[in-house]
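Engineer: predicted model and sequence follow; I will ask about them next.
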Amino acid sequence: MSYDNINFPLTTDSVVLELGGYNGLWSKEINRRYHPNLYIFEPTSSFFNNIVSIFHGQSNVKYFNFGISDKNEEKEICVREDGSSIFNKDNRYSVETIKLRDVAEVFEHLYLKEIDVMQINIEGSEYSVLERMIEKDLLKVIKVLLIQFHTFVENHEMRRAIIQEKLLDTHNQTYNEDFVWEKWELQ
């Protein structure tokens, strides 16, 4: 089984979400290949500003300067490139206060009823987001889920196992490299 996070049967009518836009490279490639309706969520100001500079003026791309979570709140994030997280504090790096929004409210506000691909790489927050999506029965609207689970969250193995069990109700796992990347496709 090989992992591929770029090749999908997408069109200009497709809806793609990236949770954790970071440097924008994945979204940039998806946009170059398919020009879909693209939604990028990035809470860290410097990374968000980079995304704005990449996609400014492209009407098919919407970008938001907040992160996706299980509730609306503000948190401190340790800004350390692709390892920026609300879970790993390190005095060698700067800290920024970020806004987080409830995934269920965001889906409702943006009228996200069918999502072709959703990539989740949010440095530990994937657990609470997926748990909230399960609670609100939102998994069934996503055709392909790409998830990077992280190991520095308390009870990560148990939480991941419960999430995977719930995902099996709606999706088939088509790729899994433990705590690197997983791909789930709607049944």
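Structural biologist: Cool, the structure landed.
Engineer: from now on I want contacts and neighbour counts done on CA atoms only, so please keep to that.
Structural biologist: OK.
Engineer: in which helix or strand does Gly40 reside?
Structural biologist: You called it Gly, but residue 40 is Ile. Secondary structure from DSSP states H and E places Ile40 in strand 37-41.
Engineer: can you list the buried residues in the helix or strand just after that strand?
Structural biologist: Next helix or strand after strand 37-41 toward the C-terminus (DSSP H and E): helix 45-55. Buried residues in helix 45-55, counting neighbours by 16 or more other C-alpha atoms under 10 Å, are found at Ser45, Phe47, Phe48, Ile51, Val52, Phe55.
Engineer: stretch 141-159 too?
Structural biologist: Neighbour-count burial for stretch 141-159, counted by 16+ other C-alpha under 10 Å, picks out Ile142, Lys143, Val144, Leu145, Leu146, Ile147, Gln148, Phe149, His150, Val153, His156, Arg159.
Engineer: which strand of the protein spans the most residues?
Structural biologist: The single longest strand within the chain, with elements called by DSSP state E, is strand 94-102.
Engineer: got the angle between that one and strand 37-41?
Structural biologist: Orientation of strand 94-102 against strand 37-41 (axes from the mean of the first three to the mean of the last three C-alpha atoms, to 10 degrees) gives an angle of 130 degrees.
Engineer: check which helices and strands strand 94-102 is in contact with.
Structural biologist: Strand 94-102 makes packing contacts with strand 67-69, strand 73-79 when contacts are defined by 3 or more C-alpha pairs under 8 Å, 6 or more residues apart in numbering; DSSP states H and E.
Engineer: in helices, which of the buried residues of stretch 141-159 appear?
Structural biologist: Among the buried residues of stretch 141-159, DSSP state H puts His156, Arg159 in helices.
Engineer: any idea which of the buried residues of stretch 141-159 is closest to Glu73?
Structural biologist: Val153 (18.7 Å; C-alpha to C-alpha).
Engineer: leaving out the residues flanking it, which one is nearest to the closest one?
Structural biologist: Spatial nearest neighbour of Val153, chain neighbours left out: Gly124 (6.0 Å); criterion: C-alpha to C-alpha, 6 or more residues apart in numbering.
Engineer: now do the SS call for that neighbour.
Structural biologist: coil (DSSP: H, G, I helix; E, B strand; the rest coil).
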